[in-house]
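# with the input below, show me the fold.
(chains A and B)
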Amino acid sequence: MSDITIGNEHLDASWFLILAALLFIIGAIGILVRRNPLVILVCIELMLNAVNLTLVTFSRQLQNSEGQLFALMSITVAAAEAVVGLGILVDIFKDREVEDVDELSELRG
Amino acid sequence: MVLIAAATYSVSYSADQAWSDLQQVSPIAAVVVALLVAMVLDLVLPRRAQGPVSAAITVIGLLASLVAALLLIDRGHTAYYQFAVADNFAVFFDVLFAVLGILAVAVSHAYLARRNFLQAEFYVLLLAATAGQMVIAQANSLVSIFLGLELLSIALYVMSGFARQDFRSQEAAVKYLLMGGFASAFVLYGMALVYGATGTTLIPAIAKSLGPGSSTNALLLLGILLMGVGFAFKVSAAPFQMWTPDVYEGAPMPVTAFMSVGTKAAAFAMIVRVFATGLPGLSGEWAALLAFVAAASMIVGNLAAIAQSSVKRLLAYSGIAQAGYVLVGVIAGGADGQASVLFYLAAYLVMNFGAFAIMVVLAGPDGDRDRIGDLDGLVYRNPVLGVLMTVFMLSLAGFPPSVGFMGKFFLFAAGVHHGFTWLVVLAVLMSVVSVYYYFRVVIHIWTPVEAAERRLRLPAAAGLAIVAAGVLSVALGIVPAALFGLAQAGAVPVAGLGGG
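Model prediction:
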């Protein structure tokens, strides 16, 4: 049941889930430790793609297409988010070079 | 080689079915049509006409959406292979979001002209965000909830950065984008794990799949935890509230007004739908998680609000505290708990939007005036605004006979009824603390100003919206039965959850 077959290779589905979890954690740690807003955006994309891998694995494991549908939706959403995110960053870079999100500190009560 | 079975859904999809499905999501459809029309007209119309025409189209679209929602009362069912639903719960939120959108247009119109902002783009984004809120309200599957959430969030990222010349606005947009994206990833991962544990993304099917062993299913519990973290971010509850004050302060005032109510109501619609409807068998687990979040929000929000010198930040922290109060109703559960949540969100719409709307009117051509000192002598500069701002502050603090008082009463009564007395005691204590900072604002409003400052001109549309919000804040407090009846009708029938 939890076997996933690619060609002639049989792999346990949990390997895919563990890989996805690792990618998600790497992305989350990246957001917490890196300061460049562009890199943070890349880390968010990494997290979203880790989830896509999880969804597709579950879909395959459960013999149920809803997970693939979800992954397609999430890819589309991630693309929209990346476009808007880059747009906002380009807009702010035009005024000043922001290499560190800690420089964004005008708003502090 | 394993193939994916696509037999879950029937292949034939008749025209009748399509028409019936479309009717069920007609409130969303009206908003989307208005969005497309406004976007196209923006391209062909001369620059001067763009603003008023887009505003008119937005209002017409939202009114159509409001009517469409009202027509669906008691007649809704699931649509699009159960991915959407138009039950009374969804309709209640559709109406709330349509009203919010109309109020937002009324308040923003003069502001946009005064600050020389792009008008048509603003309304298109407002419609996109409203459509996102309605998709969340009508969602019946984790997939559609995620789509609505992102439609709302992405539109709001752009709206927060709408004052492009203002570095603070740009900063708000970047912070909101990075924090919001982070939270979305958590929500999505949580949803993926719940899907993996239950084998479905449809919320009623998730509820059905929960068995006696579910409370020890690690995958499911981790999914609930991750979704809870993401939802707490979106609803700006502590300890995930840190983006809220910065984004509220940096975003242009009408955007702050819109999102302070919109994101909160949408996020609560999402929380009730996913947790109360989808995971009723695990209410012990998620209620414990939310009780911690509620307690933290009430403490952090109220204590931090005391020290603020900006009205935007003060209202941001007050909103964090208010999220904590509303969570009491969610945790209590049952029909009365849910009805109290719906009632409070409607109350929050009139009082919180009203307060922000007055701040919108105060804004000058160069920027928002959001220092508490900017409110000095407001009642002498414009008696109507001064009195109404006092009403909104007293309502937010929960003084009778305001709608805020009745809302808190229903929430806390539901909390006590379902055995969360400790949380209610904390909420009442923290409400007492909140009186201090709301009264600080009131004192500034009534402080006599030395020099005869110029009187404040009130644009007609904004004035109408503010007065309507003010009248409702008092009227619904004196006669809460009508709204509470609607809220009770809107509570989702929850299988197997205590109370009733």
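# in what helix or strand does the nearest residue to B:Ala291 once chain neighbours are set aside lie?
Leaving aside its chain neighbours, B:Ala291 sits nearest to B:Ile331 (5.4 Å; criterion: C-beta to C-beta, 6 or more residues apart in numbering or on different chains). Just so you know, the C-beta spots here come from the backbone N, C-alpha and C atoms, and that holds for glycine as well. Secondary structure assignment for B:Ile331, by DSSP states H and E: helix B:311-332.
# distance from the chain centre to that helix, please.
In terms of C-alpha atoms, centre = their mean, to the nearest Å, the gap separating the centre of helix B:311-332 from the centre of its chain is 11 Å.
# the next helix or strand along the chain from it vs helix B:311-332, what angle?
As assigned by DSSP H and E, the chain's next helix or strand after helix B:311-332 is helix B:334-362. Angle of helix B:334-362 versus helix B:311-332, following axes from the mean of the first three to the mean of the last three C-alpha atoms, to 10 degrees, is 170 degrees.
# wait, A:Glu45 sits on A:Val83?
No - between A:Glu45 and A:Val83 there is no contact under C-beta atoms under 8 Å: 11.6 Å.
# one step back: can you pull the contacts of the residue nearest to B:Ala291?
B:287, B:290-291, B:294, B:337, B:415, B:418, B:420, B:423 (C-beta atoms under 8 Å, 6 or more residues apart in numbering or on different chains).
# reformat the residues you listed as CSV; add secondary structure, pLDDT and distance to B:Val44.
What follows is the contacts of B:Ile331, written out as CSV (DSSP: H, G, I helix; E, B strand; the rest coil; pLDDT from 0 to 100; distance: C-beta to C-beta, whole Å):
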residue, secondary structure, pLDDT, distance to B:Val44
B:Ala287, helix, 91, 53
B:Leu290, helix, 93, 49
B:Ala291, helix, 94, 54
B:Ala294, helix, 96, 50
B:Gly337, helix, 92, 50
B:Gly415, helix, 95, 54
B:His418, coil, 92, 56
B:Phe420, coil, 93, 57
B:Leu423, helix, 95, 56
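# and of the residues you listed, the nearest to A:Ile31?
Nearest to A:Ile31 among the contacts of B:Ile331 is B:Leu290, at 24.5 Å by C-beta to C-beta.
# so what's the closest one up against?
Contacts of B:Leu290 by C-beta under 8 Å, 6+ apart are B:228, B:271, B:275, B:327, B:330-331.
# now do 10 Å
B:228, B:231-232, B:237, B:271, B:275, B:283, B:324, B:327-328, B:330-331, B:423 (C-beta atoms under 10 Å, 6 or more residues apart in numbering or on different chains).
# again with B:Ala192
B:Ala192 neighbours (C-beta under 10 Å, 6+ apart): A:17, A:20, A:24, A:50-59, A:67, A:70-71, A:74, B:142, B:146, B:201, B:219, B:223, B:226-227.
# ok, then the element right after the helix or strand hosting it?
For B:Ala192, the element it lies in under DSSP H and E is helix B:167-198. Remark: after helix B:167-198, the chain's next helix or strand is helix B:203-209, criterion DSSP H and E.
# and the helix ranked longest in chain A, how far out from the chain's middle?
Taking DSSP state H as the criterion, chain A has its longest helix at helix A:66-95. Relative to the chain's own centre, helix A:66-95 is displaced by 10 Å; criterion: C-alpha atoms, centre = their mean.
# what angle separates it from helix B:167-198?
Interaxial angle of helix A:66-95 relative to helix B:167-198 (the same axes, to 10 degrees): 170 degrees.
# helix A:66-95 close to chain B?
Yes - using C-beta under 10 Å from any C-beta of the partner chain, helix A:66-95 reaches chain B at A:66-74, A:76-78, A:80-89, A:91-95.
# would you mark the buried spots in that helix?
Neighbour-count burial for helix A:66-95 flags A:66-71, A:73-74, A:77-78, A:81-82, A:84-85, A:88-89, A:92 (criterion: 16 or more other C-beta atoms under 10 Å in any protein chain shown).
# give me the residues contacting the worst-scoring helix or strand of chain A on mean pLDDT.
Ranked by mean pLDDT, DSSP states H and E, the weakest helix or strand in chain A is strand A:3-6, scoring a mean of 74. Contact with strand A:3-6 is made by A:10-16, A:56-57, A:60-61, B:1-2, as judged by C-beta under 10 Å, 6+ apart.
# partner strands of that strand, with direction?
Strand A:3-6 has these partner strands in its sheet, going by DSSP bridges: strand A:9-12 (antiparallel).
# return the very next helix or strand once past the partner strand as PDB; C-alpha atoms alone will do.
Going down the chain from strand A:9-12, the next helix or strand is helix A:13-33, by DSSP H and E. Backbone C-alpha positions of helix A:13-33 (Å, rounded to 0.1, in the frame of the first residue of the first chain) are rendered in PDB as follows:
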ATOM      1  CA  ALA A  13       6.300   6.300   0.400                       C
ATOM      2  CA  SER A  14       7.700   7.500   3.700                       C
ATOM      3  CA  TRP A  15      11.000   8.400   2.000                       C
ATOM      4  CA  PHE A  16       9.200  10.900  -0.100                       C
ATOM      5  CA  LEU A  17       7.500  12.300   2.900                       C
ATOM      6  CA  ILE A  18      10.700  12.500   4.900                       C
ATOM      7  CA  LEU A  19      12.400  14.300   2.000                       C
ATOM      8  CA  ALA A  20       9.500  16.800   1.800                       C
ATOM      9  CA  ALA A  21       9.600  17.400   5.500                       C
ATOM     10  CA  LEU A  22      13.400  18.000   5.300                       C
ATOM     11  CA  LEU A  23      12.900  20.500   2.500                       C
ATOM     12  CA  PHE A  24      10.100  22.200   4.400                       C
ATOM     13  CA  ILE A  25      12.300  22.500   7.500                       C
ATOM     14  CA  ILE A  26      15.300  23.800   5.400                       C
ATOM     15  CA  GLY A  27      13.000  26.500   4.000                       C
ATOM     16  CA  ALA A  28      11.600  27.400   7.400                       C
ATOM     17  CA  ILE A  29      15.100  27.600   8.900                       C
ATOM     18  CA  GLY A  30      16.200  29.700   5.900                       C
ATOM     19  CA  ILE A  31      13.500  32.200   6.600                       C
ATOM     20  CA  LEU A  32      14.500  32.500  10.200                       C
ATOM     21  CA  VAL A  33      18.300  32.800   9.700                       C
END
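# is any residue of helix A:13-33 near chain B?
Yes - among the residues of helix A:13-33, A:13, A:17, A:20-21, A:24, A:27-28, A:31-32 lie within reach of chain B under C-beta under 10 Å from any C-beta.
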